[in-house]
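In: quick one, what's the 3D model for this:
(chains A, B and C)
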Amino acid sequence: MMDVYVDIIPKILPGAIITIQLLVASSCLALVIAFIAGLGRVSRFAVVRSLTSVYVELFRGTSLLVQMFFIFFALPAFGFQFSPFLAGVTALGLNYGAYGSEIVRGAILAIPNGQTEASIALNMTRWQRMRLVILPQAIRMMLPGFGNTSIELLKGTSLVSLITLTDLTYKGLMVQNTNISYTFPVFIVLLIMYFVIALPLIFGVRKLEKNASKGVVKA
Amino acid sequence: MGAIEKDLASKDSLSTLVRYENVTKRFGDIEVLKGVDLDIKPGEKVALIGPSGSGKTTIIRMLMTLEKPTSGVISMGGEPLWHKKSSSGKLVPADEKHLRRMRSDIGMVFQHFNLFPHMSILRNVTEAPIHVLGLSKEEARERAVDMLEKVGLGDKLDAYPEQLSGGQKQRVAIARAVVMRPKVMLFDEVTSALDPELVGEVLEVIKDLAKETDMAMILVTHEMDFARDVADRIVFLHDGQIEEQGTPQEVLENPSSERLQAFLSRFLRN
Amino acid sequence: MTWDWNFAIEVFPEIAGAIWLVIGITLGAYIVSLVFGLALTFARRSSFKPLALATYGFIEFVRSTPPLVQLFFVFFALPSIGISFDKYTAGILTLGIHYSTYLSEVYRSGIEAVPKGQWEAAKAMNFSKMQTWFKVILPQALPPVIPMMGNYLLVLFKETPILMAIGVGEFLQEAQLIGAANFKYLEPITIVGLLFLLLSYPSALLINKLEKRSKRGFRSTKKAVKEMNEFEELKG
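Out: Numbers count the residues shown, from 1 in each chain, chains lettered A, B, ... in the order given. Purely as a prediction, here's the structure:
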């Protein structure tokens, strides 16, 4: 019984590495996009606000898998050929960046108006108000949301197996294909491995939620 | 625009630091200010009193550029606050650059302190001198420590706002505004959010400050004894208009309008 | 431009034809998640500790592992221990159970927002446990979280394309088959994206409106209280 698992795990471990690489790369991309789009949503320029709204609605209104397929299968029609890894990172980054931008926007808007007024009274520039006063407080409020989004993103990485990237899920399917009698243990191992990768994120979120209220004005 | 041009031309700007000319303010359907004229001289201490909703707070918030007047002109040192001269010499609505230049002479202390919760007390007070005035860290620190000692908080430099009492927070807020060395300081009901036993320490700090500074001060307050002690002039507002003004003696002891008499009698009764 | 209008118009009905299947699967899975989610909420609050703990573990595990792998597990692995479903049932069950863990959180937040006094009042009136839940607590706990519940209907809807992995002929599967047959993916996949936008965006607006309305109600109460206080102050 045990030797089945001993046989499976080394075979799919390389896939776990791909999955973690995907997770890290697309989390970074999503984070950058979330800040750019989140700040865009609260911009004083109507054009910037509407452009970022369109982006956010577009990516939240369609499906992650559809976006991934679009980037991988449809964009080559315009001459953009993405490797599966790049297509995966781009789709994950753009999709979760859109969700993340809502977290950024929500946190910025949640900072009490008195903070902005106090920084106006101290004659700070718009950017100083954002950088010195609003963002440091807002980021603390964003962290649990980002943590939750990273767990969602981890789950989303499994979709890259459908565009032929040999991630954890894909490796599992390959093992299952070559040895049908492994079907049950393979998927058990897959689920547990994803859970193990998620565990630090889960604990991180738990901790961040406890700390989130510190150092923020209670409105 | 006629009134603005006239104001720009007027030569008495040196004897007047802040001037309100027929200033009105509407919030939706509600007219909060119905044409206010008010001059404040350099160094003058003026208390604004009046019932809730009379528009006192709005008057100083407009000077701090937190609210825009609906009509009328507010000027600071002879220069319109909310307008500026374009290259062709016409008056146009002020941009951020103009507002920032004007704001450098104005400071404000808020009812709810509005300290920055993520910064230590010292950083609350040094942040703007460093980033806005461009002082070096050492200069800013020196200025801040000096001021914090003056308000009795020299031992709280490394504390955070949440560790302080309301009275202590408000004293930090005063220090934070004063180190910017504005020409006029605005105080918006600075003791209204405090527990009664903490009001005194904040009022003492402001009284001391008023005695030794040549800054002008506009104080919105419900504390009549405090207004009497600090102010050179008391202005009574009612329903968006200045109903009566004069020295503390005139206004508090010989009120001429019935409304002011009624208003004051409520305070004496309490 | 490589966009081919004739091709797009030709394949549109084929892809859009999957709409009833997609809606059926979405609603089926949503009902599963509503009911099973409520069961999870109760089990999580059970005074029988092992059950509460096991439920907690189940929720955490299901929430943090990919629905796609869960789908494979239900469709490929469960038959090897004698439990088999057709692909539609497998899809509905997987999505339904996955999102039941989210809905149980939604229920929980609604229940926790009901003031303690309501439980005490129900006890004082000698209501049974069932009566307390269904006549007192849930009628107050659910309305405020309706927008959140609606949100998960949309999330679930957008998750249906993963069912293509077990051969369910939803939008993306249809588009993929057409794309492979014609070596033209741009038009069919764009159509799928448009269909999702067309179906989800108006619903999102509706939910937004619901959310704003419930918030406005709250704010106007606060405002009313403030005005009352000011009035009192004016009266002296």
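In: what about the closest residue to chain C within the stretch 101-250 of chain B, is that helix, strand or coil?
Out: Of the residues in the stretch 101-250 of chain B, the one nearest chain C is residue B:222, at a distance of 9.8 Å by Cβ to the nearest Cβ. Every residue, glycine included, has its C-beta placed from N, CA and C. State at residue B:222, reduced to three classes by DSSP: H, G, I helix; E, B strand; the rest coil: coil.
In: for it, phi and psi?
Out: Torsion angles at residue B:222 (phi, psi; degrees, to the nearest 10) stand at phi -110, psi 0.
In: gap between the residue sitting nearest the centre point of chain C and chain B?
Out: With distances taken as Cα atoms, centre = their mean, the residue of chain C nearest its centroid is residue C:152 (2.7 Å). As judged by Cβ to the nearest Cβ, to the nearest Å, residue C:152 and chain B stand 34 Å apart.
In: in what helix or strand does that residue lie?
Out: helix C:138-159 (DSSP states H and E).
In: list the buried residues in the helix or strand just after that helix.
Out: Remark: after helix C:138-159, the chain's next helix or strand is helix C:171-182, criterion DSSP H and E. Neighbour-count burial for helix C:171-182, counted by 16 or more other Cβ atoms under 10 Å in any protein chain shown, picks out C:171-176, C:178-179.
In: restrict those to those near chain A?
Out: C:171-172, C:175-176, C:179 (Cβ under 8 Å from any Cβ of the partner chain).
In: just send those residues back as JSON lines, with pLDDT and distance to residue B:131 too.
Out: What follows is those, written out as JSON lines (pLDDT from 0 to 100; distance: Cβ to Cβ, whole Å):
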{"residue": "C:171", "pLDDT": "94", "distance to residue B:131": "53"}
{"residue": "C:172", "pLDDT": "94", "distance to residue B:131": "51"}
{"residue": "C:175", "pLDDT": "94", "distance to residue B:131": "54"}
{"residue": "C:176", "pLDDT": "93", "distance to residue B:131": "55"}
{"residue": "C:179", "pLDDT": "93", "distance to residue B:131": "55"}
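In: related to what we said a few turns ago, wait, does the helix holding residue C:152 make contact with chain A?
Out: Yes: shown here: helix C:138-159 in contact with chain A (Cβ under 8 Å from any Cβ) through C:158-159.
In: in that helix, which residues are buried?
Out: By 16+ other Cβ under 10 Å, the buried positions in helix C:138-159 come out as C:138, C:141, C:145, C:147-154, C:156-159.
In: which pair of these spans the longest distance?
Out: C:138 and C:158 (27.8 Å; Cβ to Cβ).
In: state the pLDDT value of the residue of chain B most remote from its centre.
Out: Going by Cα atoms, centre = their mean, the residue of chain B most distant from its centre is residue B:88, 33.4 Å out. pLDDT for residue B:88: 80.
In: need the mean per-residue confidence for stretch A:51-70.
Out: Stretch A:51-70 shows a mean pLDDT of 95.
In: so how far does it reach from one end to the other?
Out: 21 Å (Cα to Cα, to the nearest Å).
In: chain center to that stretch: distance?
Out: Relative to its parent chain, stretch A:51-70 has a centroid offset of 14 Å by Cα atoms, centre = their mean, to the nearest Å.
In: where are the low-confidence patches of chain C?
Out: Applying pLDDT under 70 to chain C flags the ranges C:1, C:214-236.
In: where exactly do the strands run in it?
Out: Counting by DSSP state E, chain C has no strands at all.
In: quick one, domains of it?
Out: As given by automatic domain parsing, the domain ranges for chain C are C:1-16+C:172-236, C:19-168.
In: which one of those domains is the most hemmed in?
Out: Across these, averaging neighbours per residue (mean count of other Cβ atoms under 10 Å in any protein chain shown) puts domain C:19-168 on top, at a mean of 17.
In: start and end of that one, how far apart?
Out: Here the two ends of domain C:19-168 are set 12 Å apart, with distance taken as Cα to Cα.
In: and the residue nearest to the spatial centre of chain B, helix, strand or coil?
Out: By Cα atoms, centre = their mean, the mean C-alpha position of chain B lies nearest to residue B:186, the distance being 1.2 Å. Look at residue B:186: counting by three-state DSSP, its state is strand.
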